[in-house]
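*Asks:* 3D model of this:
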Amino acid sequence: MFSSLKVELSVIITIATAIAFGMSWTLLTFGWNGWIAMPLTLVVALGITYFFSRGLIAPLRQMRDAANAMADGDYTVRVHLATDSSDEIGRLARAFNDMAEELQHADQLRLDMIANVSHELRTPVSALQAMVENMADGVTEPSPANLESILDQTHRLSDLIAYLLDLSRMEAGAASLNVEEFNFHDFLDETIKPLEIADAGHAHDIIMNVDDEVFMEGDQDRLRQLFTNIIANALKHSPDGTTVLVEAHEDDDHGMVVTNVVNFGTQIPLAERTDIFRRFVKGKPGPGTESGGTGLGLSIARWAAQLHGGTVRVVDDDRGVDFEVRLPKYHIADDVTSARKPR
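*Replies:* As a prediction, the model looks like this:
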């Protein structure tokens, strides 16, 4: 009813005082002894104050009980307000409920991550165990093809472990940047070459359209994570024998270097373009494309871009799926996270 706890307490005290004064005057008028009337009046005043104040502090008792329940791992508890209170206790109760909801969401994310990581680890480990057991039992021969299958599964495990290490850095916020100036064309060329070698069996053609004179500042290792994940994602979702285009230009008006990685596969629906950057969310494979993956690559790519003050998003493009990476041309130094190398 009132917007301030101080006003509510003042009203309660005023009412209790008025009732006590009236009661005392009435008792004295009827001839009661003052030594009896005054203590009785004081007890009544305290009782009235206690009765009305219980309603004010009820949310505090609920918060105490809810905090104890949350300490035991129950994040579903909430503080229920009898009315739409707008005083300090009411605002505190709503803030407490918001905090409980965030903790419940974070706990659910943790449980989902454990389940997803367990699944991702179990798949290659089970495949490795089956293949090695079959070779040990003499059921299959250690042929080059079988050994290559084992190698593929170990690579998958290695990639997953690397992704999880990056994920732990994301969660901890422990990501120092080693900033230096470099030629962006040469950087992309060095990033693409290992991807072309790894993609040899799929006959993808990676076309790079980048000006030789584009320079920028940043941490090349982190940015290599970014572009490796984006380009590898484009290759994975492109049918064999198709083209992936990597083009970049300078946006002088905003001081940005803009890179577009385009694959000519199935378009991503507008409603899913944000979700694909969430952890463990895997895009649907199109016709003739690969499935699988960890669901962490795009999340880590966005993290690496944000470390540099940039963005990664999917933009409309009639040619196909277009991942646009916007990065500041000049890095804004941060004494905590960045260390600039001399040019």
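*Asks:* residues in contact with residue 138?
*Replies:* Listed by CB atoms under 8 Å, 6 or more residues apart in numbering, the contact set of residue 138 is empty. Using the backbone N, CA and C atoms, a C-beta is placed for each residue, glycine as well.
*Asks:* helices of the stretch 151-300 of the chain, residue ranges please.
*Replies:* With DSSP state H, counting those that start in this stretch, the ranges of helices along the stretch 151-300 of the chain come out as 184-198, 220-236, 297-307.
*Asks:* out of the ones you listed, which comes closest to residue 121?
*Replies:* Closest of the helices of the stretch 151-300 of the chain to residue 121 is helix 297-307, at 16.6 Å (criterion: CB to CB).
*Asks:* buried residues, the next helix or strand along the chain from the closest one. List them.
*Replies:* Using DSSP states H and E, the helix or strand that directly follows helix 297-307 along the chain is strand 311-315. If you call a residue buried by 16 or more other CB atoms under 10 Å, then strand 311-315 has these buried ones: 312, 314.
*Asks:* and strand 311-315 with helix 220-236, angle?
*Replies:* 20 degrees (axes from the mean of the first three to the mean of the last three CA atoms, to 10 degrees).
*Asks:* start at 42, not 1
*Replies:* Right, with 42 as the first residue, what we last looked at is strand 352-356.
*Asks:* elements contacting strand 352-356?
*Replies:* Judged by 3 or more CB pairs under 8 Å, 6 or more residues apart in numbering; DSSP states H and E, the packing partners of strand 352-356 are helix 338-348, strand 362-369.
*Asks:* TSV for those, including distance to residue 60, mean pLDDT and mean neighbour count?
*Replies:* Formatted as TSV, the helices and strands packed on strand 352-356 follow (distance: least, CB to CB, whole Å; pLDDT from 0 to 100; neighbours: other CB atoms under 10 Å):
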stretch	distance to residue 60	mean pLDDT	mean neighbour count
helix 338-348	62	86	23
strand 362-369	68	95	21
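*Asks:* out of those, which gets nearest to residue 277?
*Replies:* Using CB to CB, the helices and strands packed on strand 352-356 put helix 338-348 closest to residue 277, at 9.0 Å.
*Asks:* distance from the closest one to the middle of the chain?
*Replies:* Helix 338-348 sits 11 Å away from the centroid of its parent chain (CA atoms, centre = their mean, to the nearest Å).
*Asks:* which helices and strands does that helix pack with?
*Replies:* Helix 338-348 packs on helix 185-213, helix 261-277, strand 352-356, strand 362-369, going by 3+ CB pairs under 8 Å, 6+ apart.
*Asks:* re the thing from before, distance to residue 237 for the helices and strands packed on strand 352-356 - can I get that in CSV?
*Replies:* As requested, these are arranged in CSV below (distance: least, CB to CB, whole Å):
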stretch, distance to residue 237
helix 338-348, 18
strand 362-369, 18
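*Asks:* what does stretch 103-122 contact?
*Replies:* By CB under 8 Å, 6+ apart, stretch 103-122 touches 100, 131, 133-135, 137-138, 141, 144-145, 148.
*Asks:* count of neighbours near residue 316?
*Replies:* Residue 316 has 11 neighbours, counted by other CB atoms under 10 Å.
*Asks:* go on, residue 206?
*Replies:* Other residues close to residue 206 by other CB under 10 Å number 10.
*Asks:* care to break this protein down by domain?
*Replies:* Domain assignment of the chain by automatic domain parsing yields the ranges 46-143, 150-213, 219-381.
*Asks:* quickly list what residue 289 is bridged to.
*Replies:* Per DSSP bridges, the residues bridged to residue 289 are residue 251, residue 300.
*Asks:* residues contacting it?
*Replies:* 225-226, 229, 250-252, 255, 298-301.
*Asks:* pick out the lowest-pLDDT one from these.
*Replies:* Across the set of these, residue 252 stands lowest in pLDDT, at 88.
*Asks:* centroid-nearest residue for the chain?
*Replies:* For the chain, the residue sitting closest to the mean C-alpha position, by CA atoms, centre = their mean, is residue 319 at 7.2 Å.
*Asks:* setting aside sequence neighbours, what's the nearest residue to it?
*Replies:* In space, and not counting its chain neighbours, residue 319 is closest to residue 340: 6.4 Å by CB to CB, 6 or more residues apart in numbering.
*Asks:* just the helices of the stretch 192-341 of the chain: most buried one?
*Replies:* helix 338-348 (a mean of 23; mean count of other CB atoms under 10 Å).
*Asks:* so it versus strand 352-356, what angle?
*Replies:* 130 degrees.
*Asks:* send me helix 338-348 as CSV with only the CA atoms.
*Replies:* The C-alpha trace of helix 338-348 is given here as CSV (Å, rounded to 0.1, in the frame of the first residue of the first chain):
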residue,chain,number,x,y,z
GLY,A,338,32.6,-24.4,-32.2
LEU,A,339,30.2,-21.4,-33.0
SER,A,340,29.9,-20.6,-29.3
ILE,A,341,33.7,-20.4,-28.9
ALA,A,342,33.9,-18.3,-32.2
ARG,A,343,31.5,-15.8,-30.8
TRP,A,344,33.4,-15.7,-27.5
ALA,A,345,36.7,-15.0,-29.4
ALA,A,346,35.0,-12.2,-31.4
GLN,A,347,33.6,-10.6,-28.2
LEU,A,348,37.0,-10.6,-26.6
